[in-house]
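K.L.:
just to be clear, the model below is a prediction. Sequence and coordinates:
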Amino acid sequence: MSALIYNALKDVWRPTPKLQVEDWLRTHVRFERGPILGAFDTKNSPWIREPLMELRNHDTREIICACSVQSAKTALAEGAMLYLIAEEGGDMCLYLQTDEHADEFLDTRFKHRILDCKPVTKLLARGDKSIQKRTVAFAHMTQYVMGANNIHNLQSKAARYVIGDEAAYWPHGHIGESRKRTTSFDARNSKRIYVSTPMNNSGEFYESFIAGSCSEWQVRCPECNEHWPMVLSQLRWDGDGAKLADGKYDLARIRDTVRYECPACHVMLKDDPRVRRSIANSGFYLNQNSAPDPRVKSYHWNALTVPWVSWDTIASEFLKAEYARKLGDYSPLAEFVRKRLGEFWDMREFQSEEVNLSGSFAMEEAWDQEFRRYMTVDVQRDYFRVVVRLWAQNGDSRLFYAGELHTWQQISDLQKRLDINGRRVFVDCGFERYQGEVYRQCAANDWIALKGDRAQFFTWTLMDKRTGRGKQVRRPYSQIQHVDSGVGLARASMRNARKADLCDRIMWSSDYIKLILHRLRAGQGASWQIAHNAPKWYFKEIQNEVFVTEKDKKTGKNKTYFKKLGENHSFDAEAMQVLAACIEKIIGQADVSETPSPKAPQAIEQHVVNA
Ligand SMILES: [Zn+2]
């Protein structure tokens, strides 16, 4: 066959060789609005080129981008969808945060992308009538555009492609549900793409990201050609001359001095659009994960590499956030880290500096300063978290035992083995379902049940020895209450209840006590130590509850509270230890006096509370 005939026929017999994704986008997609106008050219935002190239990689199932705002991440998702619709086909689910987001995106943005892109428009089943609320009907496939907050949207459709926008902000479990949509297409080069500014360094999006390649965007120094990721700590400005009396900065004066220092040759790079552009154009990705899931490609870039964001904008935002942090409000800094640096915010940043709590002693090692030993039990659905801590008279303490037990008998056996007085064993009765059982076990073993409460303090009436009169004091825990353990319920009258039927219970202010534990853990009080060979889960759990200051979205006011980051049962058990040490006046504040009580001290009655 002559070359002429072959060339004439090959387009008929064989499909046109597919263009590279970036070439296809440059040829067929134009931006009429947004920061970049004209043809979709990945030269403008080179950090999205490699994620787009992965669309044609048959080994890749999932593409995850954790990045800063205004850095072409939506353009990336749009480009990917247009390419897949025109060149591949197969049902597609696009999930935005809510149905409202989805409707707005399709109506005001993606509809125009479709109509402006010829190869996609000609595939519409019925012209522009094909674009309906939440669905776009193509001749060869359907695109669904839905909210990810609605679990039904995530469970109804099977699709070859799943695209997720701002997936870090979806309710927990919803990424997993969306992933299942493509199960039946995995043999046919299905793709899932999740693009988001990050949230915290925990949760589904974070787990998905770190399971992948963790490819970090690198750029080259125009001076020495060394490559490095762009980081905030290399940004320089002259703060000395710009500091105001109240500790804030004169941001206008800082603006002129902002520059980026090459960590290798220390050249100062100017905050100039041309400099930023040439640095961005030198970029490439470096995988940071030595053992990635080969089917998952994950990418990170931040605002420092985006040429249309000036470094002085970033410096100003950082300084404002840092000023707020010094006053105790971490929220602006958390926002800055997530939105500008595109990084996962480490919730532990809310804590004080890292303190080494690990002592030079082992579990169950004797301690010559021991004054008290308490056992505290956190009750879970299918196990008990048990902590034993030794306390010295001066408030110093050491972890002696931390374990997981499964039966009440095991707790009682451990108590005997470690020789702990029953009145120094405290069992959490906060778990409603097991409350009755906790009361019965406490009554039978002479242990004390503890119930955490939102109250800040409890008022006690005490006898003032000096004046002989009653006085009221506040304490972060209640007097002992005798609670019917249920054993004696059959009796006609509580008056006849035997002591053995009553459980001793103490209510306690969980915020107050946890704040003391927080300070001990941060090294801001007595020495609070952990045996060097304590279980790994203990170290994790003890860090999993942090003290947070955040702006309340509704009121705009700052609020501080304890935030749970994960399993925190050891933290709860340790809080009960702190309570026990408070009750015995080893640590904690002295009583806070209120007005003298008109009541005579003998009128104080211990209340019998029905369980
Ligand atoms: Zn350099």
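P.N.:
Nice, I can see it.
K.L.:
give me every residue that touches the residue nearest in space to the middle of the chain.
P.N.:
For the chain, the residue nearest the mean C-alpha position is residue 200 (3.2 Å; C-alpha atoms, centre = their mean). By C-beta atoms under 8 Å, 6 or more residues apart in numbering, the residues touching residue 200 are 206, 344-347, 565. Using the backbone N, CA and C atoms, a C-beta is placed for each residue, glycine as well.
K.L.:
I'd like to know how far it sits from residue 145.
P.N.:
The gap separating residue 200 from residue 145 is 28 Å, by C-beta to C-beta, to the nearest Å.
K.L.:
now residue 56: phi and psi?
P.N.:
phi -100, psi 0 (degrees, to the nearest 10).
K.L.:
for it, what are its contacts?
P.N.:
Per C-beta under 8 Å, 6+ apart, neighbours of residue 56: 18, 20-21.
K.L.:
and those residues, which are buried?
P.N.:
The neighbour count (16 or more other C-beta atoms under 10 Å) marks residue 21 as buried among the contacts of residue 56.
K.L.:
hey, what's the residue nearest to the centre of the chain bridged with?
P.N.:
residue 345 (DSSP bridges).
K.L.:
pLDDT score for it?
P.N.:
pLDDT, residue 200: 81.
K.L.:
cool, residue 323 as well?
P.N.:
Residue 323 is given a pLDDT of 72.
K.L.:
hang on, it packs against residue 248?
P.N.:
Yes. Between residue 323 and residue 248 there is a contact at 5.7 Å, judged by C-beta atoms under 8 Å.
K.L.:
ok, residue 507 - how many residues close by?
P.N.:
By the criterion of other C-beta atoms under 10 Å, residue 507 has 19 neighbours.
K.L.:
circling back to that earlier point, got the contacts of residue 56 as TSV, with pLDDT and distance to residue 431 columns?
P.N.:
Listed next are the contacts of residue 56 as TSV, based on pLDDT from 0 to 100; distance: C-beta to C-beta, whole Å:
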residue	pLDDT	distance to residue 431
18	73	59
20	91	58
21	94	54
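K.L.:
want to throw the contacts of residue 56 into JSON lines with distance to the ion and secondary structure?
P.N.:
Converted to JSON lines, those look like this (distance: C-beta to the ion, whole Å; DSSP: H, G, I helix; E, B strand; the rest coil):
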{"residue": "18", "distance to the ion": "39", "secondary structure": "coil"}
{"residue": "20", "distance to the ion": "32", "secondary structure": "coil"}
{"residue": "21", "distance to the ion": "32", "secondary structure": "helix"}
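K.L.:
so what's residue 430 up against?
P.N.:
When contacts are taken as C-beta under 8 Å, 6+ apart, residue 430 is in contact with 379, 450-452.
K.L.:
name the element residue 376 belongs to?
P.N.:
strand 372-379 (DSSP states H and E).
K.L.:
how far does whatever helix or strand comes next after that strand sit from its chain's centre?
P.N.:
Using DSSP H and E, the helix or strand that follows strand 372-379 in sequence is strand 384-391. Centre-to-centre, strand 384-391 and its host chain are 28 Å apart (C-alpha atoms, centre = their mean, to the nearest Å).
K.L.:
swap in stretch 364-379?
P.N.:
When C-alpha coordinates are averaged (C-alpha atoms, centre = their mean), stretch 364-379 and its chain have centres 33 Å apart.
K.L.:
for the ion, give me its nearest residue in the stretch 451-600 of the chain.
P.N.:
residue 543 (38.0 Å; C-beta to the ion).
K.L.:
now that residue: how far from residue 166?
P.N.:
For residue 543 relative to residue 166 (C-beta to C-beta), the value is 28 Å.
K.L.:
cool, and residue 226?
P.N.:
Taking C-beta to C-beta as the measure, residue 226 falls 34 Å from residue 166.
K.L.:
which residue sits closest to the residue of the stretch 1-150 of the chain found nearest the ion in space, ignoring its chain neighbours?
P.N.:
The nearest approach of the stretch 1-150 of the chain to the ion comes at residue 46, 19.5 Å away (C-beta to the ion). Distances taken as C-beta to C-beta, 6 or more residues apart in numbering place residue 283 nearest to residue 46, at 5.4 Å, with adjacent residues excluded.
K.L.:
give me the neighbour count for the one you found.
P.N.:
19.
K.L.:
so it makes contact with residue 216?
P.N.:
No. If you go by C-beta under 8 Å, residue 283 and residue 216 don't touch, sitting 10.4 Å apart.
K.L.:
all strands of the stretch 1-150 of the chain, in order?
P.N.:
Using DSSP state E, counting those that start in this stretch, the strands of the stretch 1-150 of the chain run over residues 30-31, 38-39, 62-67, 92-96, 125-128, 131-132, 135-137, 142-147.
K.L.:
report pLDDT for residue 556.
P.N.:
pLDDT, read off for residue 556, is 62.
K.L.:
likewise for residue 433?
P.N.:
For residue 433, the model assigns a pLDDT of 83.
K.L.:
surely it is within a helix?
P.N.:
Yes. Looking at residue 433 with DSSP: H, G, I helix; E, B strand; the rest coil, it is inside a helix.
K.L.:
what's the neighbour count on the closest residue to it other than its chain neighbours?
P.N.:
Once flanking residues are discounted, residue 433 sits nearest to residue 381: 7.8 Å by C-beta to C-beta, 6+ apart. Neighbourhood size, residue 381 [other C-beta under 10 Å]: 7.
K.L.:
make sure residue 541 is actually in contact with residue 569.
P.N.:
Yes. Contact status for residue 541 versus residue 569: in contact at 5.7 Å, counting by C-beta under 8 Å.
K.L.:
give the helix, strand or coil label for the nearest residue to residue 204 once chain neighbours are set aside.
P.N.:
The shortest distance from residue 204 to any non-neighbouring residue, by C-beta to C-beta, 6+ apart, is to residue 175 (4.4 Å). Secondary structure, three-state DSSP: residue 175 is helix.
K.L.:
and if you look at the one 10 residues further on?
P.N.:
Taken by three-state DSSP, the conformation at residue 185 corresponds to helix.
K.L.:
for it, what are its contacts?
P.N.:
Contacts of residue 185 by C-beta under 8 Å, 6+ apart are 90, 158-160.
K.L.:
counting neighbours, which of those residues end up buried?
P.N.:
The neighbour count (16+ other C-beta under 10 Å) marks 90, 159-160 as buried among these.
K.L.:
switch these over to a markdown table; also include distance to the ion and pLDDT.
P.N.:
Shown next, in a markdown table, are the buried ones among the contacts of residue 185 (distance: C-beta to the ion, whole Å; pLDDT from 0 to 100):
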| residue | distance to the ion | pLDDT |
| --- | --- | --- |
| 90 | 46 | 94 |
| 159 | 46 | 95 |
| 160 | 45 | 96 |
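K.L.:
pick out the most distant pair among the contacts of residue 185.
P.N.:
90 and 158 (10.2 Å; C-beta to C-beta).
K.L.:
immediately after the helix or strand residue 209 falls within, which helix or strand?
P.N.:
According to DSSP H and E, residue 209 maps onto helix 204-211. Moving toward the C-terminus from helix 204-211, the first helix or strand encountered (DSSP H and E) is strand 215-220.
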